[in-house]
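S.K.: Build the 3D model from these lines:
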Amino acid sequence: MSELHRVMHNTVKPFVPSPFRSMRSRRRISKFNRLMAGRPTSEIFDSIYSKRMWGFGPVAGKYSSGSGSYEPRALEMYIAAISRFVESLTIRPDAVDLGCGDFFVGSKLRPLFNRYIAGDIVAGLIARNREEYKSLDVDFRIINIAEDDLPPGDVVFVRQVLQHLSNDEIARALDRIQATYPQLVLTEHLPLKDDFIPNIDIQTGPHIRLTVKSGLDITKEPFEVAIASAVVLCEVTLETSRIRTTLYNF
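M.R.: All right, here's what the predicted structure looks like:
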């Protein structure tokens, strides 16, 4: 799609009534899920990007990780929180970014770390990132976090990724993460209040558990990940939800 299409999309969208946008989005996602049921996860996410299910990003091209990666206040608070976390450490750590997406956020984090490995399941996206961010000294890799061996690092970032996966894929990813890293920085989109039912299962796809009034909690059933400690690094309250970033020590 052209740059003109992207500009028109972002210009017209605010004038489309929110209930209509929500209804249209639900129908589109429902149709997409029916078509993609049973397909490999790599094919699902490649199709999400190809069909622009998450809209348009600030960098030209078909790959956009969605508005959750570009919301200015959320991004500013997130970068500040990660900066404080890194400054509290005695060494400059090696970082691994799983589900790195279009790397708009990761590019802001890169200067904070020693070695930086960024992985995503979509091969075309990784190829694009290698070219777009070739000056940043990032080791971009094709990684399926639920199936592949994970690269070593001191801390792993999983930012608004698990929320798109089925419980089965989340469980397999968490097993690999816990076996590989001492620290996990996990960012998830959650309902406004804490009285939600956690971990309602969904089909892997473009939507998240907010659509069923749920959110991810890795310490609750069916995951019940054993952690040594958990610290909320930052939480951004939006109109109808929250974006929370938590540091887990295993």
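
S.K.: Surely residue 225 is within a helix?
M.R.: No. Assignment of residue 225 by DSSP: H, G, I helix; E, B strand; the rest coil gives coil, placing it outside any helix.

S.K.: tell me the contacts of it?
M.R.: By Cβ atoms under 8 Å, 6 or more residues apart in numbering, the residues touching residue 225 are 174, 178, 218, 219, 248, 250. (Glycine included, C-beta is placed from N, CA and C.)

S.K.: now it, nearest residue through space, not along the chain?
M.R.: Nearest residue to residue 225 in three dimensions, chain neighbours excluded: residue 218, at 4.5 Å (Cβ to Cβ, 6 or more residues apart in numbering).

S.K.: In terms of helices and strands, where is the one you found?
M.R.: Using DSSP states H and E, residue 218 maps to neither a helix nor a strand.

S.K.: Count the neighbours of it for me.
M.R.: Neighbour count for residue 218, taken as other Cβ atoms under 10 Å: 23.

S.K.: separation between it and residue 245?
M.R.: 13 Å (Cβ to Cβ, to the nearest Å).

S.K.: Show me the common contact partners of these two, please.
M.R.: With Cβ under 8 Å, 6+ apart, residue 218 and residue 245 have common neighbours residue 186.

S.K.: residues in contact with the helix or strand containing residue 97?
M.R.: Under the criterion of DSSP H and E, residue 97 resides in strand 95-98. When contacts are defined by Cβ under 8 Å, 6+ apart, strand 95-98 is touched by residues 103, 106, 109, 112-119, 143, 145, 150-159, 161, 173, 177, 181.

S.K.: What strands flank that strand, and is each parallel or antiparallel?
M.R.: strand 116-120 (parallel), strand 155-159 (parallel) (DSSP bridges).

S.K.: So what touches the last one?
M.R.: Here strand 155-159 makes contact (Cβ under 8 Å, 6+ apart) with 69, 93-99, 101, 105-106, 109, 145, 150, 173, 177, 180-187, 245.

S.K.: and residue 38, how many neighbours?
M.R.: So residue 38, with other Cβ under 10 Å, has 6 neighbours.

S.K.: And the pLDDT at it?
M.R.: Looking at residue 38, its pLDDT is 86.

S.K.: the strands in this structure, which residues?
M.R.: 95-98, 116-120, 139-142, 155-159, 183-191, 197-198, 214-215, 229-237, 241-249 (DSSP state E).

S.K.: how about the helices of this structure, start to end?
M.R.: Counting by DSSP state H, the chain has helices at residues 3-12, 18-36, 41-50, 72-87, 104-109, 123-132, 167-180.

S.K.: just those: most buried one?
M.R.: The highest average neighbour count among those, using mean count of other Cβ atoms under 10 Å, belongs to helix 104-109 at a mean of 20.

S.K.: list the helices and strands that one packs on?
M.R.: helix 72-87, strand 95-98, strand 116-120, strand 155-159 (3 or more Cβ pairs under 8 Å, 6 or more residues apart in numbering; DSSP states H and E).

S.K.: name the helices or strands packed onto the longest one?
M.R.: Spelled out, that is helix 72-87. Helix 72-87 packs on helix 104-109, strand 183-191, strand 229-237, strand 241-249, going by 3+ Cβ pairs under 8 Å, 6+ apart.

S.K.: Tell me which residues are up against the first one.
M.R.: By Cβ under 8 Å, 6+ apart, the residues outside helix 104-109 that reach it are 57-59, 65, 69-70, 75, 78-79, 82, 95, 97, 100, 116, 118, 133, 136, 138, 157, 159.

S.K.: This completes my enquiry, with thanks.
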